[in-house]
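K.L.:
below are the sequence and a predicted model for it; my questions follow.
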Amino acid sequence: MAVDSATDPVVTTGWPSPFGVRTRLVASSALMLFVELALIRWTGSNVVHLSYFSNFVLLGSFLGIGIGVLRSGRAKRLPYYSPIMLGLLVLVIAWKPVTVNRGSSSSVIYFTSLNTTGPPVWVILPIVFIAAAVVLAGPAELVGRCFGELPRLTAYRFDLVGSLIGIVAFTALSFLGAPPIWWGLIVTVVFAVLMIPQSSGAGRRAVATGLSAAMVLAPLLVMLGVLFKESTKPENSWSPYYKVQTKQYTWEGVPLLTITVNGVPHQQAIPADARLQWEPQYGLPYERANAGKQPKNVLIIGAGSGSDVAIALKKGAQHVDAVEIDPRIRDLGKALHPDKPYQDPRVSSHIDDGRAFLSRTDKKYDLILLALPDSLTLVNGASSLRLESYLFTQQAFESARDHLNPGGAFAMYNYYRETWLIDRLASTAQHAFGHKPCVDKIGDGLQQAVVTVGLTEQDQTCSAEWPGATAETPPPATDNRPFLYLFTDRIPSLYLVTLGLILVAGLVGVGIAGGGASYKRMRPYADLFLLGAGFMLLETKSITGFALLFGTTWVVNAIVFAGVLVAVLAAVEVTRRFKTPPIKVMFAVLFGGLALSWVFPDSWLLSMPVGLRALVAVLIAFLPIFAANVIFAKRFTDTADGTASFGANLLGAMLGGCLEYAALIIGFHGLLIIAALLYVGAFLLTPKLRTRE
């Protein structure tokens, strides 16, 4: 039976909290994960465009966590810099909101505000990155202090428990639609409990307690003031994805509801008669499809606040399945849309991902409509996967085709910004249906277009023939490379420049914060560094894979994150309690798991019933994660410097987050190759002589 025998010398940390080391470790880890998730959500909702780059906040968090752990062994004071930076960041963003100017490049399309101003992305992102690193370094330093007081795997196990608590707490608040003031209150209370000395003495001790309280509470009270003001504005509400703002008014006697998310105009709830009068293009799918006949059964993906549903009913639909991913936007439409389409007995409302809904239903439709599904955020934990990415792949169009009744049609419309994007979507429809679609372009600078394709060529009526794809038209997006809005097959220079600056900041930050000996301390743990990088790629592959198989919803994302942590915790518990196979054997299991993921791609899993799909997907995704963490646990137990080895692993995760952008070139499936190479390097660098196997 294996035991957790390796320990660091027990140190006196001068920790002011009256709680035991295990309680402190759990609380610090929970605070660390909670702050990370809250920071990603809040900055993305207040800095226009940052929702498209939330992975950079995640990378900054990993750097800060690694630096905090490294710094914990040499720090003489508690990390007061963390709440100070958090309060400063919130205050600065609230005082002078940033609307990023993305420049004139059309290689990547962002659906966003049209009058963007301010400094370029490559300036703003490193600033937010550094601020996130400083904020997260504080809780990580508190975690690192606990690692010096407990056996190695015991500390790691309680760190994982705390991380799970942080994820569950933030997920619960997201489910309840809690405004940011609740996030701030939780962070303030936990920071205060962990960092303000619990002393009733007089003299110097009382003065020290007062100074500690001031340094912790003053900036956090400033943060609470900002969040309270934001949370109590009547036009603001929060969905699991966005900060949602609404405005009701009347124009030419017509009642309107404007919905803005994360500072960007997103949609309008308009009566169907007015919408068709002002913008008749929204009726074009019904004219082009089914030879102009009224569709009886309609599926609308991206139903939003209900305007497209109201139009379908106006056009004679006998039943509408309205699929919307954001519950808050649907609820606003249900309560405030002038036509009250969601109250119509002919409408069935579904809060779901459109691709996942199609994969779970056997229903057939006369018309399937993608109604402006253009999200303004990424799937959490994936660098370039947007909420709607899997709706626009060739495989998604083929799935829609298979759900059409004889004579049915598939259509989409949006403001596409670029001609090449319209042609790409039309070309994808042609590949999926075997004939050219109808393409109606509306004359404005935003390149609004309606693409309609019948099940057969006879099931569509076009005003003019689409000329077809040109030499400049990118190929269809696929489930492996679902990057519809990326024009080239290269990593955009914007990403490369920003990633380069981030890596430089990481190298400098580790050197400064960890002292001159940081890299010397971590040098023996190069294998753990590579294990961290490989694990990050495995986690990304799991997130994107489950998003395809079960939907890009926040619920699926939260379950996957929690599942990864549970798998890691299981690996630690198995290593602690049982005699596990030698590391060489576990590496063989790891590579076998990677091979299994490679041989059985997501397209194979999609063909399975949902229950069996879930079972097989969990086995394929979590087998290599489990094996990799048994390897880490066995190796981590034997290290001479617990904080340096743990810090090296966390910094490796930051490298893995940067390597994740290679998916833009080789696809998400190709990340398995990079992960395998990293694990080969870790295997070769693992010390040959071990105190135990």
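P.N.:
Structure received.

K.L.:
chain center to stretch 19-29: distance?
P.N.:
How far stretch 19-29 lies from its chain's middle: 28 Å, per CA atoms, centre = their mean, to the nearest Å.

K.L.:
show me what it is in contact with.
P.N.:
Residues outside stretch 19-29 that contact it (CB atoms under 8 Å, 6 or more residues apart in numbering): 15, 17, 139, 142-143, 146-147, 149-150, 155, 158-163, 165-166, 190, 193-194. Backbone N, C-alpha and C define where each C-beta goes, glycine included.

K.L.:
that one: which residues count as buried?
P.N.:
Neighbour counts over stretch 19-29 (16 or more other CB atoms under 10 Å) mark 21-29 as buried.

K.L.:
kindly report the same for stretch 62-76.
P.N.:
62-73.

K.L.:
tell me where the stretch 101-250 of the chain has helices.
P.N.:
Taking DSSP state H, counting those that start in this stretch as the criterion, the stretch 101-250 of the chain contains helices spanning 121-147, 152-176, 180-195, 204-231.

K.L.:
center of the chain - which residue?
P.N.:
Taking CA atoms, centre = their mean, the centroid of the chain lies closest to residue 380, which sits 0.9 Å from it.

K.L.:
chain neighbours aside, what residue packs nearest to that residue?
P.N.:
Using CB to CB, 6 or more residues apart in numbering and skipping the chain neighbours, the partner closest in space to residue 380 is residue 557 (5.2 Å).

K.L.:
surely that neighbour meets residue 377?
P.N.:
No: if you go by CB atoms under 8 Å, residue 557 and residue 377 don't touch, sitting 11.2 Å apart.

K.L.:
ok, the closest residue to residue 175 other than its chain neighbours - how many residues close by?
P.N.:
Nearest residue to residue 175 in three dimensions, chain neighbours excluded: residue 240, at 7.4 Å (CB to CB, 6+ apart). Residues near residue 240, counting by other CB atoms under 10 Å, number 21.

K.L.:
ok, residue 595 next?
P.N.:
13.

K.L.:
can you tell me the helix or strand for it?
P.N.:
helix 583-599 (DSSP states H and E).

K.L.:
can you verify residue 411 is assigned to a helix?
P.N.:
No: looking at residue 411 with DSSP: H, G, I helix; E, B strand; the rest coil, it is strand, so not inside a helix.

K.L.:
okay but it is in contact with residue 368, surely?
P.N.:
Yes: between residue 411 and residue 368 there is a contact under CB under 8 Å: 7.4 Å.

K.L.:
about what we covered before: how about the helices of the stretch 101-250 of the chain in TSV, adding distance to residue 664 and mean pLDDT?
P.N.:
Shown next, in TSV, are the helices of the stretch 101-250 of the chain (distance: least, CB to CB, whole Å; pLDDT from 0 to 100):
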stretch	distance to residue 664	mean pLDDT
helix 121-147	16	84
helix 152-176	27	91
helix 180-195	32	93
helix 204-231	34	82
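
K.L.:
which of residue 411 and residue 368 has more neighbours?
P.N.:
residue 368 (28 against 24).

K.L.:
isn't there a strand covering that one?
P.N.:
Yes: the assignment for residue 368 is a strand, going by three-state DSSP.

K.L.:
got the contact list for it?
P.N.:
Contacts of residue 368 (CB under 8 Å, 6+ apart): 298-299, 301, 400, 403-404, 408-411.

K.L.:
mean confidence score for the helix or strand hosting the residue nearest to residue 380?
P.N.:
If you go by DSSP H and E, residue 557 is part of helix 554-577. Average pLDDT, helix 554-577: 89.

K.L.:
for the helix or strand following the helix holding residue 595, packing partners?
P.N.:
Moving toward the C-terminus from helix 583-599, the first helix or strand encountered (DSSP H and E) is helix 602-606. Helix 602-606 sits against helix 526-550, helix 610-637, with contacts defined as 3 or more CB pairs under 8 Å, 6 or more residues apart in numbering; DSSP states H and E.

K.L.:
single out the most deeply packed of the ones you listed.
P.N.:
helix 526-550 (a mean of 25; mean count of other CB atoms under 10 Å).

K.L.:
so how far is it off the chain centroid?
P.N.:
That offset, for helix 526-550, works out to 13 Å (CA atoms, centre = their mean).

K.L.:
ok, stretch 508-524 next?
P.N.:
For stretch 508-524, the distance to the chain centre is 30 Å (CA atoms, centre = their mean).

K.L.:
who's in contact with that stretch?
P.N.:
Applying CB under 8 Å, 6+ apart, the set of residues contacting stretch 508-524 is 63, 66-67, 70-71, 74, 130, 133, 137, 529, 639-641, 644-645, 647-648, 651, 687.

K.L.:
what is the mean pLDDT for the helix or strand where residue 44 lies?
P.N.:
Using DSSP H and E, residue 44 falls within helix 21-46. For helix 21-46, mean pLDDT rounds to 91.

K.L.:
quick check: what element follows it along the chain?
P.N.:
helix 54-71.

K.L.:
compute the inter-axis angle for the helix or strand just after that next one and helix 204-231.
P.N.:
Moving toward the C-terminus from helix 54-71, the first helix or strand encountered (DSSP H and E) is helix 81-95. Relative orientation of helix 81-95 and helix 204-231, computed by axes from the mean of the first three to the mean of the last three CA atoms, to 10 degrees: 30 degrees.

K.L.:
returning to what we had before: the residue nearest to residue 380 - how many residues pack around it?
P.N.:
Neighbours around residue 557, by other CB under 10 Å: 22.
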